[in-house]
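Asks: test case, fold it:
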Amino acid sequence: MSVFNALIATKDGGRITTTFQQISRDQLPPGDVLVKVAYSTLNYKDGLAVTGQPGIMRKFPMVPGIDFAGVVEESSSSAFKPGDSVIGTGFGMGETIWGGYSQYVRVPAEPLVALPSGMSLQQSMAIGTAGFTAMQSVLALEFHGLKPGSGEVLVTGASGGVGGIAIAVLSKLGYRVFAATGRAEQEPYLRSLGASGIIDRATLDQNADKGLATERWAGAIDTIGGKTLSGLFAEMASRASVTSCGMAGGPVITTAVWPFILRGVNLLGISSMKVTLEERKEVWRRLSLDLPLPLLDSMSLVEPLSKIHELGQQILDSRTRGRVVIDVNQ
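Replies: Residues are numbered from 1 along each chain as shown. Purely as a prediction, here's the structure:
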């Protein structure tokens, strides 16, 4: 393919625009590995980037898309050879390194891992950074002592990608997991993923100004931030932990110190950006074991790259469900 399709972001003054362009391999930035991309995915960050919001892309021109999966065509790295199926997530892709909304990428070897056995390229992008973050959160809760017999676990933003995959994983591991959502119509879907019950996210928001409420949750994965996370602290049980990995509800949290000094609650920050190779391999290994892939197929939708601007606005407006896989060749 002498020329190929890529979504290119440019900045003129303070205005960011993203347009489809035909480019050649020679125009790709330098890197260790050239990958023919099959799929990318849609994350909240991607929605911000393709709609021209500031703060995500920090170099221009830039190809958005923080994830991709495809097949190696050229490699100067001993870790990969032509024909290898690989996944790339995080590491500044779509921010400082050209990302996955392109039919070809050339990247450093560091962000790449081999596709796990038994997983397709499409399934890997149904997971993407969202599923990677969900599994990081589960591992962090386990590290801090959470076990299936510890008590009820809550996942906020349950209809989104991180939340849905977290519910599916926790349910398979034997946890009694509850879904917090502001979209009551999604209850059948959330129960199909393994949720034992549904709570209205507004009940957590109402706790935001309370220091303490009745203890309930042995662990929690919060994808929302803002008032939801603030209110969640009040209901955490003694010695419980809550992970924080999103800010769709806002970047600011307010809380009394009581949940921390009277109940010993732990707040665990989760970042999928700079993760060691060993940790990335372990996250993908656990995903291949603990995420039911048929269930993953039921919670994902494949859409063409040509619709990315429309899809980006949809995820910002909370009008997507589960995971959206992007076919970069359409």
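Asks: for the chain, give me the ranges with low pLDDT.
Replies: Within the chain, the set of residues satisfying pLDDT under 70 comprises 1.
Asks: for it, longest helix please?
Replies: helix 121-143 (DSSP state H).
Asks: show me what counts as buried in stretch 101-118.
Replies: Neighbour-count burial for stretch 101-118, counted by 16 or more other Cβ atoms under 10 Å, picks out 101-113, 115-116. No exception for glycine: its C-beta is placed from N, CA and C like everyone else's.
Asks: which of the residues you listed sits closest to residue 69?
Replies: residue 115 (6.9 Å; Cβ to Cβ).
Asks: report the spatially nearest residue to that closest one, omitting neighbours in sequence.
Replies: residue 85 (3.9 Å; Cβ to Cβ, 6 or more residues apart in numbering).
Asks: residues in contact with the one you found?
Replies: Counting by Cβ atoms under 8 Å, 6 or more residues apart in numbering, residue 85 touches 69, 70, 71, 72, 114, 115, 121.
Asks: same check on residue 318?
Replies: 159, 160, 182, 183, 248.
Asks: residues near the residue nearest to the third one when sequence neighbours are not counted, how many?
Replies: Distances taken as Cβ to Cβ, 6+ apart put residue 201 closest to residue 182, at 4.4 Å, once the chain neighbours are dropped. Burial of residue 201 is recorded as 23 neighbouring residues (other Cβ atoms under 10 Å).
Asks: quick check: the gap between residue 201 and residue 117.
Replies: Remark: distance between residue 201 and residue 117 (Cβ to Cβ, to the nearest Å) = 38 Å.
Asks: what does residue 5 give?
Replies: 31 Å.
Asks: ok, residue 16 next?
Replies: Distance, residue 16 to residue 117, by Cβ to Cβ: 40 Å.
Asks: hmm, back to that, buried set for the longest helix of the chain?
Replies: So helix 121-143, judged by 16+ other Cβ under 10 Å, has buried residues 121-141.
Asks: tell me the first helix or strand C-terminal of that helix.
Replies: Next along the chain after helix 121-143, taking DSSP states H and E as the criterion, comes strand 153-156.
Asks: on contacts alone, who are the packing partners of that following strand?
Replies: helix 161-172, strand 177-181, strand 217-222, helix 226-233 (3 or more Cβ pairs under 8 Å, 6 or more residues apart in numbering; DSSP states H and E).
Asks: quick one: closest of those to residue 281.
Replies: helix 161-172 (17.2 Å).
Asks: report the angle between that closest one and helix 121-143.
Replies: Relative orientation of helix 161-172 and helix 121-143, computed by axes from the mean of the first three to the mean of the last three Cα atoms, to 10 degrees: 70 degrees.
Asks: buried stuff in helix 161-172?
Replies: Buried-residue list, helix 161-172, by 16+ other Cβ under 10 Å: 161, 162, 163, 164, 165, 166, 167, 168, 169, 170, 171.
Asks: check what contacts that helix and list those residues.
Replies: Helix 161-172 is contacted by residues 43, 127-128, 130-131, 133-135, 137-138, 153, 155-158, 177, 179, 181, 190, 193-196, 221, 223, 245-246, 287, 290-292, 295-296, 299, 321-324 when judged by Cβ under 8 Å, 6+ apart.
Asks: just the CA coordinates for that helix, please, in CSV.
Replies: Below are the C-alpha coordinates for helix 161-172, written out as CSV (Å, rounded to 0.1, in the frame of the first residue of the first chain):
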residue,chain,number,x,y,z
GLY,A,161,-16.2,0.2,28.9
VAL,A,162,-14.1,0.1,32.1
GLY,A,163,-17.1,-0.5,34.2
GLY,A,164,-18.6,-3.3,32.1
ILE,A,165,-15.3,-5.2,31.8
ALA,A,166,-14.7,-4.8,35.5
ILE,A,167,-18.1,-6.3,36.3
ALA,A,168,-17.5,-9.2,34.0
VAL,A,169,-14.1,-10.0,35.5
LEU,A,170,-15.2,-9.6,39.1
SER,A,171,-18.3,-11.8,38.5
LYS,A,172,-16.2,-14.6,37.0
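Asks: figure out how far that helix is from the centre of its chain.
Replies: 12 Å (Cα atoms, centre = their mean, to the nearest Å).
Asks: now stretch 280-296
Replies: The answer for stretch 280-296 is 14 Å, by Cα atoms, centre = their mean.
Asks: which of the contacts of residue 318 tops the neighbour count?
Replies: residue 160 leads the contacts of residue 318 on contacts (other Cβ under 10 Å) with 27 neighbours.
Asks: report the contact partners of that one.
Replies: Here residue 160 is in contact with 44, 130, 223, 246, 248, 318, 320, 321, 322 (Cβ under 8 Å, 6+ apart).
Asks: okay, stretch 121-141 in PDB with CA atoms only?
Replies: What follows is stretch 121-141, C-alpha atoms only, in PDB (Å, rounded to 0.1, in the frame of the first residue of the first chain):
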ATOM      1  CA  LEU A 121      -7.100  -8.800  17.200                       C
ATOM      2  CA  GLN A 122     -10.700  -7.600  17.300                       C
ATOM      3  CA  GLN A 123     -11.200  -8.900  20.900                       C
ATOM      4  CA  SER A 124      -8.000  -7.300  22.000                       C
ATOM      5  CA  MET A 125      -9.400  -3.900  21.000                       C
ATOM      6  CA  ALA A 126     -12.800  -4.700  22.600                       C
ATOM      7  CA  ILE A 127     -10.600  -4.700  25.700                       C
ATOM      8  CA  GLY A 128      -8.200  -1.900  24.800                       C
ATOM      9  CA  THR A 129      -7.100   0.600  27.400                       C
ATOM     10  CA  ALA A 130     -10.600   0.400  29.100                       C
ATOM     11  CA  GLY A 131     -10.300  -3.300  29.800                       C
ATOM     12  CA  PHE A 132      -6.600  -2.900  30.700                       C
ATOM     13  CA  THR A 133      -7.500  -0.300  33.300                       C
ATOM     14  CA  ALA A 134     -10.300  -2.500  34.600                       C
ATOM     15  CA  MET A 135      -7.900  -5.400  35.200                       C
ATOM     16  CA  GLN A 136      -5.300  -3.000  36.700                       C
ATOM     17  CA  SER A 137      -8.000  -2.000  39.200                       C
ATOM     18  CA  VAL A 138      -8.900  -5.600  40.000                       C
ATOM     19  CA  LEU A 139      -5.300  -6.400  40.600                       C
ATOM     20  CA  ALA A 140      -4.800  -3.400  42.900                       C
ATOM     21  CA  LEU A 141      -7.800  -4.400  45.000                       C
END
